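Colleague: Here is a sequence together with a model predicted from it:
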Amino acid sequence: MKDLCVLIMAAGKGTRMKSAVPKVLQPILDRPIIDYVINNSLSAGVSREDICVLVGSGGELVESHLRNTFPDIKILWQHEQLGTGHAVKTALEFWQNYESLIVLNGDVPLMKPDSLKNLISASKQNDCTVITFMAENPGSYGRILHDRHKISIIEFKDANEEQRKIHEVNAGCYAFKVESLKKIINLIKNDNAQKEYYLTDALGLMNENNLSTGAFILPEEETQGINTQSELAKASKVMRERILTRWLNEGVRILDPETVYISPDSELSSDVVIMPNVQIWGKSKISKGVYIGSGSILKNAVIHENVNIIAYAFIENSELKENSKAGPFCYIRDNSCLEKNSFAGKFVELKNSRIGENSKVPHLSYFGDATLGHDVNIGAGSITCNYDGVHKNKTFIGDNCFIGSDTMFVAPVEVENNAATAAGSVITQKIPENALGVGRARQTNIKDWSLNYKNFHVNKTSKPEGEK
């Protein structure tokens, strides 16, 4: 018999969220709520195969997400939502062969792994352990009553005046010894207005059968469920502050934490400087000595040591290597790479392109599906015409090339080492090594055209010479 399993209840409709997205898939920062609950369990030492998520309303979407993100965990269906007691009974096939069962709600993402570890240890003392918290405003929560070595829950409507003064309340999560739970799970009844089976009744049944019950108190913040968009926003703020505090303690300099967002999956190093209004999402990895200027957004970006992201750069699914520089106002995306000491500057977009060492694309350019060698200089306004309406075609520019301003590369095309292009050229053929590529029409000057043009518009007598 295995030691411990975790059942995560995620079958509820979440109607108060007022969203077509199932409640447990609502995002905190850039991860769904359910991911935090699962990851907290994993961080507490629970194996993936010992975790089960019970899905129901919107379950197809939840199951699809879990299959892609946590393929090793178990998924069971609660096709009828008849209460928390019914949910646990539905999952009997999962937990019946374990020694202990932890029941967590799928909308409680703020419980810390260390708290869950402590619950696992404390739960071995009782047949049933209830997670409780000291509510600042207990409102209509069920109150926790202590009687020597047993506890019970009294609902607010049934509590007397003295009991309503109690601040310790039920958080709705439990730890059970499985053999004890088996004895009472089928005794839970639905004798209530909602005709539902409540897991809270398990506590009373445990007491009636002389089984031990106890409470495990957690901070109120860690036990809060999410039922509304307002509660989701509050939980997101708590999680954001936790993440920022972690990185501040690791030596990251964040000038204005109130305006910075960092995803839970991003990794940062010491001596990173983050200016105000920066967002770091996905599995970004930021190395030592990186400067990230105001307004920049990074998503699944790999940033090597001593990179300077000047300001207002959007870097997505791309890599910036040592001592490279980007921005301001640049967009680097789709597996692009700035090699060491390279530069992508003002109003530059790179898509699936590699900029070689010491090369620079300083301003007003688009390079898509391009490979640049080392020590290449790109003049302003240069563009790769990489899409022919059917295929994305590649541009290759060799080492030590000089590209004149406003050059159009009609891909597929290649520029060999030490070659150059004249400003304003449209390049459609290979430029050999050491050659200059000129691809523009011969200039024609029409004498006195502007004088004649102005005379025509002022006197309305005749068209300027040369105008048809």
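Modeller: Now that the structure is in, tell me what you want to look at.

Colleague: residues contacting the closest residue to Lys112 other than its chain neighbours?
Modeller: Once flanking residues are discounted, Lys112 sits nearest to Glu222: 6.0 Å by CB to CB, 6 or more residues apart in numbering. From N, CA and C alone the C-beta is placed, and that goes for glycine too. Counting by CB atoms under 8 Å, 6 or more residues apart in numbering, Glu222 makes contact with Val108, Leu110, Met111, Lys112, Ser115, Phe133.

Colleague: so Glu222 sits in a helix?
Modeller: Yes: assignment of Glu222 by DSSP: H, G, I helix; E, B strand; the rest coil places it within a helix.

Colleague: Give me the pLDDT for it.
Modeller: On pLDDT, Glu222 comes in at 96.

Colleague: same check, this time on Asn459
Modeller: As predicted, Asn459 sits at a pLDDT of 68.

Colleague: what about stretch 95-107, distance to the chain center?
Modeller: How far stretch 95-107 lies from its chain's middle: 27 Å, per CA atoms, centre = their mean, to the nearest Å.

Colleague: Buried ones in that stretch, by neighbour count?
Modeller: Residues of stretch 95-107 classed as buried by neighbour count (16 or more other CB atoms under 10 Å): Trp95, Tyr98, Ser100, Leu101, Ile102, Val103, Leu104, Asn105, Gly106, Asp107.

Colleague: Including pLDDT, could the residues you listed go into JSON lines?
Modeller: What follows is those, written out as JSON lines (pLDDT from 0 to 100):
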{"residue": "Trp95", "pLDDT": "97"}
{"residue": "Tyr98", "pLDDT": "96"}
{"residue": "Ser100", "pLDDT": "96"}
{"residue": "Leu101", "pLDDT": "97"}
{"residue": "Ile102", "pLDDT": "97"}
{"residue": "Val103", "pLDDT": "97"}
{"residue": "Leu104", "pLDDT": "97"}
{"residue": "Asn105", "pLDDT": "96"}
{"residue": "Gly106", "pLDDT": "96"}
{"residue": "Asp107", "pLDDT": "96"}
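
Colleague: Among the contacts of Glu222, which one lies nearest to Ile185?
Modeller: Closest to Ile185 out of the contacts of Glu222 is Val108 (22.0 Å), distances taken as CB to CB.

Colleague: which residues does the most centrally placed residue in the chain contact?
Modeller: The chain has Asp30 as the residue nearest its centroid, 2.6 Å off, counting by CA atoms, centre = their mean. Asp30 makes contact with Ser263, Asp265, Trp281, Gly282, according to CB under 8 Å, 6+ apart.

Colleague: Which members of these occur in strands, if any?
Modeller: In strands, judged by DSSP state E, the following of the contacts of Asp30 are found: Trp281.

Colleague: In the contacts of Asp30, find the pair that's most separated.
Modeller: The distance between the two most remote of the contacts of Asp30 (CB to CB) is 8.6 Å, for Asp265 and Trp281.

Colleague: any idea how far Trp281 lies from Lys237?
Modeller: 17 Å (CB to CB, to the nearest Å).

Colleague: between the two, who's got more neighbours?
Modeller: When neighbours are counted by other CB atoms under 10 Å, Trp281 and Lys237 differ, and Trp281 comes out ahead with 19 against 12.

Colleague: Buried ones in stretch 355-364, by neighbour count?
Modeller: Ile355, Gly356, Glu357, Asn358, Ser359, Lys360, Val361, His363, Leu364.

Colleague: Ends of it, what's the gap?
Modeller: Start and end residues of stretch 355-364 are separated by 15 Å (CA to CA, to the nearest Å).

Colleague: same question, stretch 188-205
Modeller: 8 Å.

Colleague: Also stretch 197-215?
Modeller: This stretch, stretch 197-215, spans 21 Å end to end (CA to CA).

Colleague: List the buried residues of it.
Modeller: 197-207, 211-215.

Colleague: hang on, the earlier thing: and which of the buried residues of stretch 95-107 is nearest to Tyr291?
Modeller: Nearest member of the buried residues of stretch 95-107 to Tyr291, counting by CB to CB, is Asp107, at 38.4 Å.

Colleague: Checking the closest one next. Helix, strand or coil?
Modeller: coil.

Colleague: before we move on, what about Leu298?
Modeller: strand.

Colleague: What is the burial count for it?
Modeller: Around Leu298 there are 28 residues (other CB under 10 Å).

Colleague: Spit out the contact partners of Gly251.
Modeller: Ser269, Ser270, Asp271.

Colleague: Buried ones among these?
Modeller: Using 16+ other CB under 10 Å, the buried ones in these are Ser269.

Colleague: Let me know the closest of the contacts of Gly251 to His149.
Modeller: Ser270 (49.1 Å).

Colleague: Is that closest one in a helix, a strand, or coil?
Modeller: Classified using three-state DSSP, Ser270 is coil.

Colleague: Who are the contact partners of it?
Modeller: Glu250, Gly251, Val252, Lys288.

Colleague: Quick check, pLDDT for the third one.
Modeller: pLDDT, the model's per-residue confidence, is 98 for Val252.

Colleague: There's contact between it and Ile274 in this structure, I believe.
Modeller: Yes: the pair Val252 and Ile274 passes the contact test of CB atoms under 8 Å, sitting 6.6 Å apart.
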